[in-house]
Structure formats: structure tokens, C-alpha cells
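Chemist: quick one, what's the 3D model for this:
(one chain, ligands or ions: 1)
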Amino acid sequence: MFYLQKTRKFFEANWLLRRCAATWKSLPDKASFANILRMDDKTLTKLTFPLQDLEKYYVSNVNTENFRIFNPSLDYIQWAELLFKPSKDHEIDYFSSAIRMDHAPLLSQPEVCFIGRSNVGKSCLLKALFSLAPEVEVRVSKTPGHTKKLNFFKVGKRFTMVDMPGYGYRAPQDFSEMVEVYLQERKNLKRTFLLVDGVTGIQEVDNTAVEMLEEFGIPYVLVLTKIDRAPKGLLLKNVLAIQDFVEKQTQRCFPQLFPVSSVEFSGIYLLRCFIAHVTGNLSITES
Ligand code: GDP
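Modeler: I've put the predicted structure just below:
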């Protein structure tokens, strides 16, 4: 009997160890900012402030008269990351989906949403943002004819992140039935993140999304995806063109662009910190 109990305890302990190891194993090295802080200064800047890294090559044309650049200290970035780390008291998980606005869950915590054309890298970006909580399942539905949904992810009681259907496919119906209604009616929506491909720059379909957000008059931010894939010259050209476009043709867009790579994790830590900030979970004071 004693032997059996001991064996069981041994197997239980072993099972627990294996489970933890599996979790640790599935965390990419770059998921945590603590690992980036151990890297050399050049890599640290490139991964943490990709726009700043690019600005070495050009004279920035961002007009900073009417807004303050979001440039938190490394401490703030590290602190904000805690919000993306799940714990017993802070569960991070998929919550529910909705195909129409009247199916959307009634949630009071601040919300941010992510939109972009199909294939822009939205699912990969959400996975990278949630990489410290690998059990979060970012659902992808790309099958033509398959109904697209708004997917809600709860980050503890702090905020909600909403994955919107990719536009470009069945866009008119999807947009008027749920996306447009959601954007216009959601009271707790704090910021919309509009994703633009770093390789192609702003395309015709993206312009339509910009026009929609401008018309609704809601605050939004442009996120430039897949920056690892664009050769530096092309990336610079796209960054400058977007900054010019934002300055001249938008009213509600935050003038600072957020370049990211979900493969190299560049820009992910700063974006986490910005999300923490716009959802009211991090107030940044100047030192
Ligand atoms: P979605 O349709 O917007 O959800 O796009 P996905 O996230 O599924 O990405 C579309 C394609 O782009 C996939 O083949 C991804 O592997 C690729 N991709 C997404 N993000 C990145 C990135 O940051 N870097 C690179 N190199 N490829 C990416």
C-alpha cells in the first residue's frame, strides 16, 4: 500500500513537471521582455522601438506639435507585460464570439479591437501579443463562405481584446452587419488598431477602412505588420508614405505608427505597453 502511494506520488509529481515543461517549452524565447533586456543595446532598440531604429535613416516627418510620442521607459514596458501574463487571479482566455452585434457579450471593462484585410497578419499578431499565455487559442476562419465572427478575449478583469473579421472578403455584408455596428455602438471601445501590411503599404481596401473610421470619428492607430519581411528601403518608403498620409488625410488616427513583426517579436512589447496605456491600466508619468 505504502509502495503504491509512493509510486502514485512520484507519477503525479512527474506529470506535473512534464506539464510545466510543456508550457515552458511552448513559450517562444522572445515572448518575454525580460529575455530581450539581456540582449545587446542594438538588438534591444531594434526589437523594442522599431520605429526609432528606422528613424536613424531619415528625418522624421511626424508633426509632434499636437501630440506626444508614446515612448515609455523600459521599466514601463516590463510592467505592462505583467498584464499579458496569466495567473490564478488573472485569467487570459478566449471568451466568446459573435456574428452580430446583438450577440456580443456585455462587458464593462475597456476594450481594444484589431481590424485589417485578410492575410495582413492579424492572427499572428494576436498570437504574439498573447504568447505569454500559450493556451489562448486565436481562432482563424479563412474558409471562403465560412461565417466570420467577432472574437472576444478577456485579459483578466483589466480589458478585452477583440479580433474582427478580416476585410476584403464579403466585406460589404460583414462590415455593415457587425463591424460597422460594433465600431459605432461599442461604448467601452477605447482604441481600434488598424493593421497595414509592411510589405505592400496602404492599399485601396485599407483606404476604405480608414474612411470608415474617420467617418465614425473614433480614435484609431495604424500598426505596420510583417516588418521582418520588407527590405529596409521598401520599409522606409512605406513608413514615410504612411506618416505623410496620416498627417495630411486623417483626423482621428494617432500620428505615431506602430511597426511590428510577429516572427521576430519586434514592436510587440511596445504595443503591449500601448494597449495597457489606452485601456487605462498604465499611466505614464514623465521622469
Ligand atoms: P490574417 O489573415 O490577417 O489573420 O493573417 P495571418 O496572421 O494568418 O498571416 C498571414 C500570413 O502572413 C501567414 O502566412 C503568416 O505566416 C504571415 N505572417 C504574419 N505575420 C507575419 C510576420 O510578422 N512576419 C512574417 N514574415 N510573416 C508573417
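Chemist: touching, Leu150 and Pro165? I think so.
Modeler: Yes: assessed by CB atoms under 8 Å, Leu150 is found in contact with Pro165 at 7.2 Å. Quick note: C-beta positions are derived from backbone N, CA and C, even for glycine.
Chemist: give the residues shared as contacts by these two.
Modeler: Met178, Val179 (CB atoms under 8 Å, 6 or more residues apart in numbering).
Chemist: tell me the residues of the stretch 151-287 of the chain that contact the ligand?
Modeler: Gly166, Thr225, Lys226, Asp228, Arg229, Ser261, Ser262, Val263 (CB under 6 Å from any ligand atom).
Chemist: shouldn't the second one be in contact with Asp197?
Modeler: Yes: counting by CB under 8 Å, Thr225 sits close enough to Asp197 to count as a contact (5.8 Å).
Chemist: make sure Leu106 is indeed in a helix.
Modeler: No: counting by DSSP: H, G, I helix; E, B strand; the rest coil, Leu106 is not part of a helix but coil.
Chemist: against Pro255, how distant is it?
Modeler: As for Leu106, its distance to Pro255 is 33 Å (criterion: CB to CB, to the nearest Å).
Chemist: tell me which of those two has more neighbours.
Modeler: Applying other CB atoms under 10 Å to Leu106 and Pro255 shows that Pro255 carries more neighbours, namely 17 against 5.
Chemist: so who does Glu81 touch?
Modeler: Ser32, Phe33, Leu132, Tyr269, Arg272, Cys273.
Chemist: at 7 Å what do you get?
Modeler: When contacts are counted by CB atoms under 7 Å, 6 or more residues apart in numbering, Glu81 touches Ser32, Phe33, Tyr269, Arg272.
Chemist: same question, Pro219
Modeler: So, once contact is read as CB under 7 Å, 6+ apart, Pro219 ends up touching Arg191, Arg252, Phe254.
Chemist: and which of those residues is nearest the ligand?
Modeler: Nearest to the ligand among the contacts of Pro219: Arg191, at 18.4 Å, using CB to the nearest ligand atom.
Chemist: quick one: the closest one and Gly280 touch, right?
Modeler: No: Arg191 is beyond contact range of Gly280, at 10.9 Å (criterion: CB atoms under 7 Å).
Chemist: those two: which is more packed in?
Modeler: Between Arg191 and Gly280, counted using other CB under 10 Å, Arg191 has the larger neighbour count: 19 against 12.
Chemist: so how far is the ligand from Gln249?
Modeler: Look at Gln249 and the ligand: by CB to the nearest ligand atom, to the nearest Å, they are 24 Å apart.
Chemist: and the pLDDT for that residue?
Modeler: Gln249 carries a pLDDT score of 93 in this model.
Chemist: out of everything not next to it in sequence, what's closest to it?
Modeler: Nearest residue to Gln249, sequence neighbours excluded (CB to CB, 6 or more residues apart in numbering): Val210, at 7.7 Å.
Chemist: Gln52 touches Lys42, doesn't it?
Modeler: No: the pair Gln52 / Lys42 is not scored as a contact, 11.9 Å apart, by CB under 7 Å.
Chemist: who's more crowded, the two?
Modeler: Neighbours per residue (other CB under 10 Å) separate Gln52 from Lys42, with Gln52 holding more: 14 against 9.
Chemist: secondary structure class for Cys113?
Modeler: Look at Cys113: counting by three-state DSSP, its state is strand.
Chemist: contact partners for the closest residue to it other than its chain neighbours?
Modeler: The spatial neighbour of Cys113 that comes closest, neighbours along the chain excluded (CB to CB, 6+ apart), is Val162 at 4.0 Å. Val162 makes contacts with Glu111, Cys113, Phe114, Leu150, Asn151, Phe152, as judged by CB under 7 Å, 6+ apart.
Chemist: let me know the closest of the residues you listed to the ligand.
Modeler: Nearest to the ligand out of these is Phe114 (CB to the nearest ligand atom; 9.0 Å).
Chemist: beta partners of that closest one?
Modeler: Beta-bridge pairing for Phe114 (DSSP bridges): Asp163, Phe193.
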